[in-house]
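1. I'll drop the sequence and a predicted model, then ask my questions.
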Amino acid sequence: LKHYAGYESETNRMASNFAFSAFDLLDTFLVPYAMGFKDGRAVGSMCAYDSINNVSSCADKWLLTSMVKEYWRRNDTYTMSDCFAVDNEFTAKHRVSSYAAATAQSVKAGTDWCMGKAYVESNGIADAIKQGLMTEEDVNIALSRTLSVRMRLGMFDSTPTSASAFRRYGKEYINTAASKQAAEEAAAQGAVLLRNEDNALPLNPSTLPSIAIVGPHAVSQRALLGDFYADAFCPGNSTPGQRAEQCVPTVGSSITALLRGHGAAAVRVEAGVPIMGTNETGIAAAVAAVQASTTAILALGYSNKDVEREGADHNFTTLPTGQLALANAVIAAAEAQNSTVVMLLINAGQIATDNLAKQPAAVIECFYPAFGAPALARQIFGLENRWGRLPYTICKNHHLCNLALISLAGPSSICFHHTCCLVANAQVPSDR
(Lines give C-alpha, C1' and ligand atoms only; values in the text may rest on other atoms or scores of the structure.)
Protein backbone atom coordinates (compact mmCIF):
# COMPACT_ATOMS: atom_id res chain seq x y z
CA LEU A 1 0.00 0.00 0.00
CA LYS A 2 1.48 3.34 -1.01
CA HIS A 3 2.23 6.10 -0.29
CA TYR A 4 1.64 5.87 3.44
CA ALA A 5 0.39 8.43 4.41
CA GLY A 6 -1.12 11.83 3.66
CA TYR A 7 0.90 12.11 0.47
CA GLU A 8 -0.83 15.14 -1.05
CA SER A 9 1.69 16.67 -3.43
CA GLU A 10 4.25 15.60 -6.01
CA THR A 11 5.77 19.04 -6.46
CA ASN A 12 8.39 19.64 -3.74
CA ARG A 13 7.58 16.18 -2.42
CA MET A 14 10.95 15.65 -0.77
CA ALA A 15 10.34 18.48 1.69
CA SER A 16 6.53 18.57 1.94
CA ASN A 17 5.07 18.85 5.43
CA PHE A 18 1.34 18.70 6.10
CA ALA A 19 -0.52 19.81 9.22
CA PHE A 20 -3.28 17.26 9.80
CA SER A 21 -5.43 16.92 12.88
CA ALA A 22 -5.89 13.49 14.42
CA PHE A 23 -9.49 13.61 13.27
CA ASP A 24 -8.53 14.29 9.64
CA LEU A 25 -6.02 11.47 9.70
CA LEU A 26 -8.34 8.88 11.20
CA ASP A 27 -11.48 10.01 9.39
CA THR A 28 -10.01 10.61 5.92
CA PHE A 29 -6.36 10.01 5.13
CA LEU A 30 -5.88 6.68 6.91
CA VAL A 31 -9.22 5.12 5.97
CA PRO A 32 -8.03 3.57 2.67
CA TYR A 33 -5.03 2.06 4.45
CA ALA A 34 -7.21 0.64 7.20
CA MET A 35 -9.32 -1.02 4.53
CA GLY A 36 -6.23 -2.29 2.73
CA PHE A 37 -4.66 -3.81 5.84
CA LYS A 38 -7.77 -5.08 7.59
CA ASP A 39 -10.04 -6.09 4.72
CA GLY A 40 -7.58 -6.51 1.87
CA ARG A 41 -5.01 -8.27 4.06
CA ALA A 42 -2.09 -6.38 2.50
CA VAL A 43 1.25 -7.54 3.85
CA GLY A 44 3.24 -4.37 3.30
CA SER A 45 3.29 -0.63 2.78
CA MET A 46 5.64 2.01 1.41
CA CYS A 47 6.13 5.03 3.64
CA ALA A 48 6.05 8.33 1.78
CA TYR A 49 8.40 11.26 1.27
CA ASP A 50 6.16 13.68 3.12
CA SER A 51 6.04 14.68 6.76
CA ILE A 52 2.91 14.90 8.87
CA ASN A 53 2.98 17.50 11.62
CA ASN A 54 6.79 17.77 11.32
CA VAL A 55 7.38 14.03 11.57
CA SER A 56 8.55 12.20 8.45
CA SER A 57 6.31 9.33 7.41
CA CYS A 58 9.23 6.91 7.37
CA ALA A 59 10.24 7.95 10.89
CA ASP A 60 6.76 8.07 12.41
CA LYS A 61 6.38 5.29 14.97
CA TRP A 62 2.76 6.19 15.60
CA LEU A 63 1.99 5.82 11.90
CA LEU A 64 4.04 2.69 11.17
CA THR A 65 3.79 0.75 14.40
CA SER A 66 1.00 2.04 16.62
CA MET A 67 -1.56 2.21 13.82
CA VAL A 68 -0.62 -0.74 11.60
CA LYS A 69 0.71 -3.30 14.01
CA GLU A 70 -1.24 -2.43 17.13
CA TYR A 71 -4.46 -0.60 16.29
CA TRP A 72 -5.15 -2.53 13.07
CA ARG A 73 -3.55 -5.65 14.56
CA ARG A 74 -1.35 -6.43 11.55
CA ASN A 75 1.98 -7.23 13.19
CA ASP A 76 2.70 -9.64 10.32
CA THR A 77 3.33 -6.78 7.89
CA TYR A 78 6.47 -4.95 6.84
CA THR A 79 7.23 -1.40 5.69
CA MET A 80 9.64 -0.24 3.03
CA SER A 81 10.60 3.35 2.27
CA ASP A 82 9.98 5.22 -0.93
CA CYS A 83 13.16 5.68 -2.94
CA PHE A 84 15.66 7.63 -0.80
CA ALA A 85 12.95 8.76 1.64
CA VAL A 86 15.14 7.75 4.59
CA ASP A 87 18.19 9.40 3.05
CA ASN A 88 16.20 12.62 2.64
CA GLU A 89 15.92 13.00 6.39
CA PHE A 90 19.61 13.88 6.30
CA THR A 91 20.21 15.17 2.77
CA ALA A 92 17.00 17.11 1.97
CA LYS A 93 15.04 17.81 5.13
CA HIS A 94 18.13 18.19 7.35
CA ARG A 95 16.23 17.02 10.41
CA VAL A 96 19.11 14.79 11.46
CA SER A 97 22.87 15.20 11.25
CA SER A 98 23.88 11.89 9.66
CA TYR A 99 22.78 8.80 7.75
CA ALA A 100 23.18 6.91 11.00
CA ALA A 101 20.63 9.11 12.76
CA ALA A 102 18.23 8.89 9.82
CA THR A 103 18.59 5.12 9.80
CA ALA A 104 18.09 4.70 13.53
CA GLN A 105 14.91 6.72 13.75
CA SER A 106 13.42 4.98 10.71
CA VAL A 107 14.29 1.43 11.79
CA LYS A 108 12.97 2.02 15.32
CA ALA A 109 9.80 3.61 13.94
CA GLY A 110 9.07 0.55 11.79
CA THR A 111 10.67 1.13 8.38
CA ASP A 112 12.06 -2.36 7.83
CA TRP A 113 13.53 -1.92 4.37
CA CYS A 114 15.25 1.16 2.96
CA MET A 115 14.97 1.68 -0.78
CA GLY A 116 17.96 3.95 -0.99
CA LYS A 117 21.49 4.08 0.36
CA ALA A 118 21.06 5.14 3.97
CA TYR A 119 20.91 1.70 5.60
CA VAL A 120 23.74 -0.11 3.83
CA GLU A 121 25.73 1.82 1.21
CA SER A 122 26.02 4.87 3.46
CA ASN A 123 26.74 2.64 6.51
CA GLY A 124 23.68 3.87 8.37
CA ILE A 125 22.99 0.58 10.16
CA ALA A 126 26.57 -0.12 11.14
CA ASP A 127 27.26 3.44 12.29
CA ALA A 128 23.98 3.71 14.19
CA ILE A 129 24.80 0.58 16.18
CA LYS A 130 28.36 1.76 16.86
CA GLN A 131 27.07 5.14 18.05
CA GLY A 132 24.44 3.56 20.28
CA LEU A 133 21.55 5.07 18.32
CA MET A 134 19.96 1.64 17.95
CA THR A 135 20.72 -1.99 18.77
CA GLU A 136 21.21 -5.19 16.79
CA GLU A 137 17.85 -6.31 18.16
CA ASP A 138 16.20 -3.38 16.34
CA VAL A 139 17.81 -4.61 13.11
CA ASN A 140 16.78 -8.21 13.79
CA ILE A 141 13.15 -7.18 14.21
CA ALA A 142 13.20 -5.36 10.85
CA LEU A 143 15.01 -8.25 9.18
CA SER A 144 12.56 -10.82 10.51
CA ARG A 145 9.64 -8.93 8.98
CA THR A 146 11.16 -8.71 5.52
CA LEU A 147 12.44 -12.30 5.50
CA SER A 148 9.13 -13.70 6.74
CA VAL A 149 7.37 -12.33 3.66
CA ARG A 150 9.94 -13.95 1.38
CA MET A 151 9.53 -17.21 3.26
CA ARG A 152 5.79 -17.09 2.83
CA LEU A 153 6.38 -16.64 -0.90
CA GLY A 154 8.48 -19.79 -0.94
CA MET A 155 11.59 -17.97 -2.06
CA PHE A 156 13.85 -20.07 0.18
CA ASP A 157 12.27 -23.44 -0.59
CA SER A 158 14.75 -25.99 -1.86
CA THR A 159 12.03 -27.62 -3.95
CA PRO A 160 10.05 -25.29 -6.23
CA THR A 161 6.35 -25.12 -5.39
CA SER A 162 3.39 -23.10 -6.59
CA ALA A 163 4.14 -20.62 -3.81
CA SER A 164 7.66 -19.98 -5.12
CA ALA A 165 6.66 -18.72 -8.58
CA PHE A 166 8.70 -15.54 -8.11
CA ARG A 167 11.89 -17.58 -8.15
CA ARG A 168 11.33 -18.49 -11.77
CA TYR A 169 9.48 -15.50 -13.19
CA GLY A 170 10.95 -15.04 -16.68
CA LYS A 171 10.34 -13.18 -19.91
CA GLU A 172 7.81 -15.80 -20.97
CA TYR A 173 5.35 -13.98 -18.70
CA ILE A 174 5.67 -10.71 -20.65
CA ASN A 175 2.97 -9.72 -23.16
CA THR A 176 0.94 -12.89 -22.63
CA ALA A 177 -2.74 -13.25 -23.46
CA ALA A 178 -3.52 -13.21 -19.74
CA SER A 179 -1.63 -9.97 -19.15
CA LYS A 180 -3.36 -8.31 -22.11
CA GLN A 181 -6.72 -9.41 -20.76
CA ALA A 182 -5.85 -7.99 -17.34
CA ALA A 183 -4.83 -4.66 -18.89
CA GLU A 184 -8.09 -4.41 -20.81
CA GLU A 185 -10.09 -5.43 -17.76
CA ALA A 186 -8.46 -2.65 -15.74
CA ALA A 187 -9.22 -0.07 -18.42
CA ALA A 188 -12.85 -1.19 -18.68
CA GLN A 189 -13.45 -1.11 -14.94
CA GLY A 190 -11.57 2.16 -14.50
CA ALA A 191 -13.43 4.21 -17.13
CA VAL A 192 -16.08 6.55 -15.72
CA LEU A 193 -19.12 7.73 -17.67
CA LEU A 194 -19.37 11.40 -16.70
CA ARG A 195 -22.08 12.49 -19.13
CA ASN A 196 -24.54 10.72 -21.39
CA GLU A 197 -27.10 13.20 -22.62
CA ASP A 198 -30.19 11.70 -24.25
CA ASN A 199 -28.59 8.24 -24.07
CA ALA A 200 -25.98 9.13 -26.68
CA LEU A 201 -24.11 6.00 -25.62
CA PRO A 202 -23.80 3.22 -26.42
CA LEU A 203 -23.23 3.69 -30.13
CA ASN A 204 -24.47 0.91 -32.39
CA PRO A 205 -21.53 -0.62 -34.29
CA SER A 206 -23.81 -2.35 -36.79
CA THR A 207 -25.78 0.70 -37.91
CA LEU A 208 -23.17 3.44 -37.66
CA PRO A 209 -22.65 4.91 -41.17
CA SER A 210 -19.43 6.78 -40.46
CA ILE A 211 -17.29 8.04 -37.60
CA ALA A 212 -14.40 10.48 -37.10
CA ILE A 213 -11.90 9.85 -34.31
CA VAL A 214 -9.98 13.05 -33.71
CA GLY A 215 -7.63 14.49 -31.12
CA PRO A 216 -4.02 13.83 -30.05
CA HIS A 217 -5.03 10.76 -28.09
CA ALA A 218 -6.68 9.24 -31.14
CA VAL A 219 -3.18 8.34 -32.32
CA SER A 220 -1.03 8.45 -29.16
CA GLN A 221 0.68 5.31 -27.86
CA ARG A 222 3.30 6.00 -25.21
CA ALA A 223 1.12 8.72 -23.68
CA LEU A 224 -1.59 6.12 -23.01
CA LEU A 225 0.77 4.34 -20.63
CA GLY A 226 0.81 7.26 -18.21
CA ASP A 227 3.68 7.52 -15.76
CA PHE A 228 5.79 4.72 -14.29
CA TYR A 229 5.45 2.36 -17.22
CA ALA A 230 8.78 0.60 -16.79
CA ASP A 231 6.99 -2.75 -16.89
CA ALA A 232 4.65 -1.81 -19.74
CA PHE A 233 6.76 -1.84 -22.86
CA CYS A 234 6.85 -3.71 -26.13
CA PRO A 235 9.01 -6.85 -26.36
CA GLY A 236 11.68 -7.12 -29.00
CA ASN A 237 13.42 -3.78 -28.52
CA SER A 238 17.17 -4.36 -28.45
CA THR A 239 18.34 -0.85 -27.53
CA PRO A 240 19.30 -0.68 -23.84
CA GLY A 241 17.57 2.11 -21.94
CA GLN A 242 14.90 2.61 -24.58
CA ARG A 243 11.40 1.24 -24.74
CA ALA A 244 9.32 0.96 -27.86
CA GLU A 245 5.62 1.72 -27.94
CA GLN A 246 4.63 0.27 -31.30
CA CYS A 247 2.63 -2.55 -29.70
CA VAL A 248 0.38 -0.21 -27.69
CA PRO A 249 -3.06 -0.14 -29.36
CA THR A 250 -4.31 3.39 -30.06
CA VAL A 251 -7.83 4.62 -29.50
CA GLY A 252 -8.22 5.15 -33.25
CA SER A 253 -6.96 1.72 -34.25
CA SER A 254 -9.02 0.00 -31.54
CA ILE A 255 -12.28 1.58 -32.67
CA THR A 256 -11.41 0.91 -36.31
CA ALA A 257 -10.74 -2.77 -35.60
CA LEU A 258 -14.01 -3.14 -33.71
CA LEU A 259 -16.07 -1.55 -36.48
CA ARG A 260 -14.48 -3.73 -39.15
CA GLY A 261 -16.01 -6.71 -37.42
CA HIS A 262 -19.51 -5.19 -37.43
CA GLY A 263 -20.03 -3.72 -40.87
CA ALA A 264 -18.63 -1.23 -43.32
CA ALA A 265 -18.64 2.02 -41.32
CA ALA A 266 -16.31 4.64 -42.76
CA VAL A 267 -13.64 5.58 -40.20
CA ARG A 268 -11.51 8.73 -40.32
CA VAL A 269 -8.70 9.38 -37.83
CA GLU A 270 -7.00 12.76 -37.35
CA ALA A 271 -4.80 14.03 -34.50
CA GLY A 272 -5.69 17.68 -35.12
CA VAL A 273 -3.26 19.11 -32.55
CA PRO A 274 -0.41 17.86 -30.37
CA ILE A 275 -1.04 17.19 -26.70
CA MET A 276 0.76 20.42 -25.79
CA GLY A 277 1.65 23.52 -27.75
CA THR A 278 -0.08 26.01 -30.02
CA ASN A 279 0.28 24.30 -33.40
CA GLU A 280 -3.31 24.28 -34.66
CA THR A 281 -2.62 23.64 -38.34
CA GLY A 282 -4.21 20.19 -38.15
CA ILE A 283 -7.57 21.41 -36.87
CA ALA A 284 -8.91 21.96 -40.39
CA ALA A 285 -8.31 18.32 -41.33
CA ALA A 286 -9.94 17.15 -38.10
CA VAL A 287 -13.00 19.32 -38.70
CA ALA A 288 -13.23 18.05 -42.27
CA ALA A 289 -13.24 14.48 -40.98
CA VAL A 290 -16.05 15.35 -38.57
CA GLN A 291 -18.06 17.04 -41.31
CA ALA A 292 -17.78 13.90 -43.42
CA SER A 293 -19.01 11.67 -40.57
CA THR A 294 -22.23 11.08 -38.65
CA THR A 295 -20.48 10.67 -35.27
CA ALA A 296 -17.31 12.10 -33.75
CA ILE A 297 -15.04 10.78 -31.02
CA LEU A 298 -12.84 13.45 -29.38
CA ALA A 299 -9.80 11.88 -27.68
CA LEU A 300 -8.18 14.59 -25.57
CA GLY A 301 -6.20 14.98 -22.36
CA TYR A 302 -2.75 15.08 -20.80
CA SER A 303 0.48 13.08 -20.86
CA ASN A 304 3.17 12.34 -18.30
CA LYS A 305 5.81 13.77 -20.65
CA ASP A 306 4.22 17.20 -20.96
CA VAL A 307 1.90 17.82 -18.04
CA GLU A 308 1.89 15.49 -15.04
CA ARG A 309 4.28 12.87 -13.74
CA GLU A 310 6.07 11.62 -10.68
CA GLY A 311 7.67 14.59 -8.99
CA ALA A 312 5.50 17.22 -10.71
CA ASP A 313 1.82 18.03 -10.33
CA HIS A 314 0.02 19.70 -13.21
CA ASN A 315 -0.58 23.38 -12.41
CA PHE A 316 -3.74 23.85 -14.46
CA THR A 317 -6.93 21.84 -14.78
CA THR A 318 -8.13 22.81 -18.24
CA LEU A 319 -7.55 21.32 -21.64
CA PRO A 320 -4.35 22.71 -23.16
CA THR A 321 -4.92 25.67 -25.50
CA GLY A 322 -4.65 23.76 -28.78
CA GLN A 323 -6.92 20.96 -27.60
CA LEU A 324 -9.51 23.47 -26.38
CA ALA A 325 -9.55 25.10 -29.82
CA LEU A 326 -9.88 21.68 -31.46
CA ALA A 327 -12.71 20.64 -29.16
CA ASN A 328 -14.70 23.81 -29.77
CA ALA A 329 -14.22 23.54 -33.54
CA VAL A 330 -15.24 19.87 -33.64
CA ILE A 331 -18.29 20.33 -31.41
CA ALA A 332 -19.44 23.31 -33.49
CA ALA A 333 -19.02 21.38 -36.75
CA ALA A 334 -20.92 18.40 -35.34
CA GLU A 335 -23.72 20.59 -34.00
CA ALA A 336 -24.14 22.25 -37.38
CA GLN A 337 -25.03 18.88 -38.92
CA ASN A 338 -26.76 17.43 -35.85
CA SER A 339 -24.22 14.68 -35.28
CA THR A 340 -23.12 13.17 -31.96
CA VAL A 341 -19.85 13.98 -30.19
CA VAL A 342 -18.35 11.65 -27.56
CA MET A 343 -15.36 13.05 -25.65
CA LEU A 344 -12.73 10.76 -24.11
CA LEU A 345 -10.45 12.25 -21.46
CA ILE A 346 -7.02 10.62 -21.12
CA ASN A 347 -5.28 11.83 -17.98
CA ALA A 348 -4.44 11.24 -14.32
CA GLY A 349 -5.28 14.50 -12.55
CA GLN A 350 -8.72 15.96 -13.10
CA ILE A 351 -9.62 17.96 -16.22
CA ALA A 352 -12.27 20.68 -16.10
CA THR A 353 -14.27 21.07 -19.33
CA ASP A 354 -16.78 23.73 -18.31
CA ASN A 355 -14.90 26.31 -20.41
CA LEU A 356 -15.91 24.56 -23.63
CA ALA A 357 -18.25 26.67 -25.73
CA LYS A 358 -20.69 23.76 -25.70
CA GLN A 359 -20.61 20.40 -23.94
CA PRO A 360 -20.46 17.17 -25.97
CA ALA A 361 -23.30 14.66 -25.70
CA ALA A 362 -21.16 12.14 -23.81
CA VAL A 363 -17.97 12.36 -21.76
CA ILE A 364 -15.88 9.42 -20.56
CA GLU A 365 -13.04 9.76 -18.06
CA CYS A 366 -10.61 7.08 -19.25
CA PHE A 367 -7.57 7.95 -17.13
CA TYR A 368 -4.44 6.39 -18.72
CA PRO A 369 -5.73 3.12 -20.23
CA ALA A 370 -2.27 1.74 -21.11
CA PHE A 371 -2.94 -1.31 -23.31
CA GLY A 372 -6.68 -1.07 -22.65
CA ALA A 373 -7.90 1.02 -25.61
CA PRO A 374 -9.73 -2.01 -27.13
CA ALA A 375 -11.77 -2.26 -23.91
CA LEU A 376 -12.68 1.42 -24.14
CA ALA A 377 -13.89 0.83 -27.69
CA ARG A 378 -16.13 -1.96 -26.46
CA GLN A 379 -17.49 0.31 -23.72
CA ILE A 380 -18.36 3.01 -26.25
CA PHE A 381 -20.27 0.55 -28.43
CA GLY A 382 -22.04 -1.23 -25.60
CA LEU A 383 -20.20 -4.53 -25.92
CA GLU A 384 -19.08 -4.12 -22.30
CA ASN A 385 -20.72 -2.30 -19.42
CA ARG A 386 -18.05 -2.10 -16.71
CA TRP A 387 -18.02 1.54 -15.61
CA GLY A 388 -16.15 2.65 -12.51
CA ARG A 389 -16.40 5.66 -10.21
CA LEU A 390 -14.32 8.80 -9.79
CA PRO A 391 -11.63 8.76 -7.10
CA TYR A 392 -11.73 12.55 -6.80
CA THR A 393 -13.92 15.63 -7.27
CA ILE A 394 -13.60 17.48 -10.57
CA CYS A 395 -13.77 21.20 -9.82
CA LYS A 396 -14.81 23.86 -12.29
CA ASN A 397 -12.27 25.63 -14.47
CA HIS A 398 -9.89 27.89 -12.49
CA HIS A 399 -11.61 27.21 -9.19
CA LEU A 400 -10.47 25.73 -5.93
CA CYS A 401 -12.90 23.59 -3.99
CA ASN A 402 -13.27 24.24 -0.30
CA LEU A 403 -15.17 22.03 2.08
CA ALA A 404 -16.42 24.07 5.01
CA LEU A 405 -17.69 22.27 8.08
CA ILE A 406 -20.61 24.15 9.58
CA SER A 407 -21.90 23.38 13.06
CA LEU A 408 -25.65 23.42 13.50
CA ALA A 409 -27.45 23.53 16.85
CA GLY A 410 -25.06 21.34 18.76
CA PRO A 411 -21.91 19.26 18.61
CA SER A 412 -23.55 16.25 16.94
CA SER A 413 -25.44 18.14 14.24
CA ILE A 414 -23.24 19.10 11.31
CA CYS A 415 -23.48 19.52 7.58
CA PHE A 416 -21.02 19.96 4.73
CA HIS A 417 -21.23 23.09 2.62
CA HIS A 418 -19.45 22.90 -0.73
CA THR A 419 -18.12 26.18 -2.05
CA CYS A 420 -15.79 27.17 -4.87
CA CYS A 421 -13.73 30.34 -4.98
CA LEU A 422 -12.08 31.85 -8.03
CA VAL A 423 -8.30 31.56 -8.02
CA ALA A 424 -6.86 35.04 -8.30
CA ASN A 425 -5.21 35.76 -11.65
CA ALA A 426 -5.43 32.10 -12.71
CA GLN A 427 -4.35 31.82 -16.33
CA VAL A 428 -3.42 28.91 -18.57
CA PRO A 429 0.02 29.61 -20.10
CA SER A 430 -0.12 30.34 -23.81
CA ASP A 431 1.67 27.10 -24.69
CA ARG A 432 -0.89 25.06 -22.81
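-> Here it is on my side, so go on. Numbering: from 1, shown residues only.
2. need the contact list for the residue nearest in space to the middle of the chain.
-> For the chain, Ala348 is the residue whose C-alpha lies nearest the centre (Cα atoms, centre = their mean; 5.3 Å). By Cβ atoms under 8 Å, 6 or more residues apart in numbering, the contact set of Ala348 is Gly226, Asp227, Tyr302, Asn304, Glu308, Phe367, Tyr368. For glycine as for every other residue, the C-beta is placed from the backbone atoms N, C-alpha and C.
3. so the second one is in contact with Lys305, correct?
-> No - between Asp227 and Lys305 there is no contact under Cβ atoms under 8 Å: 9.1 Å.
4. next one: the residue nearest to the centre of the chain, what pLDDT does it get?
-> Looking at Ala348, its pLDDT reads 91.
5. ok, now the one 10 residues further on?
-> pLDDT recorded at Lys358 is 93.
6. identify each buried residue in stretch 310-320, please.
-> For stretch 310-320, burial by neighbour count (16 or more other Cβ atoms under 10 Å) applies to His314, Phe316, Thr317, Thr318, Leu319, Pro320.
7. ok, the first one touching Asp306?
-> Pointing back at His314 there. No - counting by Cβ under 8 Å, His314 does not reach Asp306; the two are 9.3 Å apart.
8. picking that back up, for Asp227 and Lys305, indicate the residue with more neighbours.
-> Asp227 (16 against 12; other Cβ atoms under 10 Å).
9. look up the closest residue to that one, ignoring the ones flanking it.
-> Leaving aside its sequence neighbours, Asp227 sits nearest to Asn304 (Cβ to Cβ, 6 or more residues apart in numbering; 3.9 Å).
10. for that neighbour, phi and psi?
-> phi -70, psi -20 (degrees, to the nearest 10).
11. please determine how far the residue nearest to the centre of the chain is located from Glu308.
-> Per Cβ to Cβ, to the nearest Å, Ala348 is found 5 Å from Glu308.
12. surely Arg195 is in a strand?
-> Yes - judged by DSSP: H, G, I helix; E, B strand; the rest coil, Arg195 forms part of a strand.
13. and the closest residue to it other than its chain neighbours, what does it touch?
-> In space, and not counting its chain neighbours, Arg195 is closest to Val363: 4.0 Å by Cβ to Cβ, 6+ apart. Contacts for Val363 were tallied using Cβ under 8 Å, 6+ apart; they are Leu193, Leu194, Arg195, Val342, Met343, Leu345, Thr353.
14. same check, this time on Cys47
-> By Cβ under 8 Å, 6+ apart, the neighbours of Cys47 are 3-5, 57-58, 60, 63-64, 79-82, 85, 111.
15. pLDDT value on it, please?
-> 97.
16. for it, grab phi and psi.
-> Torsion angles, degrees, to the nearest 10, at Cys47: phi -80, psi 150.
17. equivalent analysis for the one 5 residues further on, please.
-> Per-residue torsions, Ile52: phi -120, psi 120 (degrees, to the nearest 10).
18. how about Lys93?
-> Torsion angles, degrees, to the nearest 10, at Lys93: phi -90, psi -20.
19. pLDDT at it, what is it?
-> As predicted, Lys93 sits at a pLDDT of 88.
20. which non-adjacent residue is nearest it?
-> Per Cβ to Cβ, 6+ apart, closest to Lys93 is Ala15, 5.9 Å.
21. who are the neighbours in contact with that neighbour?
-> Neighbouring residues of Ala15 by Cβ under 8 Å, 6+ apart: Asn88, Ala92, Lys93.
22. state the distance from it to Tyr33.
-> Distance from Ala15 to Tyr33, by Cβ to Cβ: 23 Å.
23. can you check Glu184 too?
-> The separation that Glu184 has from Tyr33, given Cβ to Cβ, amounts to 29 Å.
24. one step back: tell me the contacts of the residue nearest to Asp227?
-> Counting by Cβ under 8 Å, 6+ apart, Asn304 touches Ala223, Leu225, Gly226, Asp227, Glu310, Ala348, Tyr368.
25. so of those residues, which ones are in strands?
-> Among the contacts of Asn304, none falls in strands (DSSP state E).
26. max pairwise distance over the residues you listed: which two?
-> Farthest pair in the contacts of Asn304 (Cβ to Cβ) is Ala223 and Glu310. Separation: 15.2 Å.
27. the contacts of Cys47 into a markdown table, with extra columns for neighbour count?
-> Formatted as a markdown table, the contacts of Cys47 follow (neighbours: other Cβ atoms under 10 Å):
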| residue | neighbour count |
| --- | --- |
| His3 | 17 |
| Tyr4 | 27 |
| Ala5 | 24 |
| Ser57 | 28 |
| Cys58 | 33 |
| Asp60 | 24 |
| Leu63 | 26 |
| Leu64 | 24 |
| Thr79 | 26 |
| Met80 | 21 |
| Ser81 | 27 |
| Asp82 | 23 |
| Ala85 | 30 |
| Thr111 | 32 |
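28. just give me the closest of those to Ile283.
-> For the contacts of Cys47, the nearest to Ile283 is His3 (39.9 Å; Cβ to Cβ).
29. and the closest one, what is it in contact with?
-> Shown in contact with His3 (Cβ under 8 Å, 6+ apart): Met46, Cys47, Ala48, Tyr49, Asp50, Ser57, Asp82.
30. surely the third one touches Leu1?
-> No - between Ala48 and Leu1 there is no contact, the gap being 10.7 Å when judged by Cβ under 8 Å.
31. who's more crowded, those two?
-> Each of Ala48 and Leu1 had its neighbours counted (other Cβ under 10 Å), and the higher figure belongs to Ala48 (24 against 18).
32. more neighbours: which of Glu184 and Tyr33?
-> Glu184 (24 against 20).
33. got any ranges where the protein has weak pLDDT?
-> 160-167, 229-233, 235-243, 264, 398-432 (pLDDT under 70).
34. show me the helices in it, by range?
-> Taking DSSP state H as the test, the helices found in the chain are 22-24, 31-34, 61, 85-91, 99-109, 124-130, 136-152, 177-190, 251-260, 283-291, 321-336, 373-380.
35. out of those helices, flag the one nearest Ile394.
-> The nearest among those, by Cβ to Cβ, is helix 177-190 at 15.3 Å.
36. packing partners for that closest one?
-> helix 373-380 (3 or more Cβ pairs under 8 Å, 6 or more residues apart in numbering; DSSP states H and E).
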